[in-house]
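[1] For reference, the sequence and a predicted model appear below.
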Amino acid sequence: MTEHPPVIVHPPTPSGGRRVTVRGQIVGLAHGRGDVAEFLRRAGFCEPSDDIALDDPRLIEWRGGDLDAWPMPPA
């Protein structure tokens, strides 16, 4: 069985956000990189002043697009 990273950023929803799970628990709906970083800070992955490597595949699995895939919600 293949292990997944502890953080999963799921495909974009119709509203443009992306659900984020940490160790199988939903932590929120992100609307950009900053939201993902904040969820990881709150989950204890780093100190508030530290940079988070959002492109580290050992930490985050991006599904339905990479860290630059943030579609605009419908008008």
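    Cool, the structure landed. On a predicted model such as this, the values are computed, not experimentally measured, just so you know.

[2] Can you tell me the closest non-neighbouring residue to residue 4?
    Ranked by Cβ to Cβ, 6 or more residues apart in numbering and with sequence neighbours excluded, the top spatial neighbour of residue 4 is residue 61, at 5.6 Å. Heads up, the C-betas are built off the backbone N, CA and C, glycines and all.

[3] Check which helices and strands the lowest-mean-pLDDT helix or strand in the chain sits against.
    When the helices and strands of the chain are compared on mean pLDDT, DSSP states H and E, helix 33-42 comes out lowest with a mean of 93. Of the remaining helices and strands, those touching helix 33-42 by 3 or more Cβ pairs under 8 Å, 6 or more residues apart in numbering; DSSP states H and E are strand 7-12, strand 18-22, strand 25-30.

[4] Tabulate those (TSV), appending mean pLDDT.
    Output for these, formatted as TSV (pLDDT from 0 to 100):
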stretch	mean pLDDT
strand 7-12	96
strand 18-22	97
strand 25-30	96
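
[5] Distance to residue 48 and mean neighbour count for those strands - can I get that in JSON lines?
    Supplementary listing: the helices and strands packed on helix 33-42 in JSON lines, determined by distance: least, Cβ to Cβ, whole Å; neighbours: other Cβ atoms under 10 Å:
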{"stretch": "strand 7-12", "distance to residue 48": "17", "mean neighbour count": "19"}
{"stretch": "strand 18-22", "distance to residue 48": "17", "mean neighbour count": "20"}
{"stretch": "strand 25-30", "distance to residue 48": "16", "mean neighbour count": "15"}
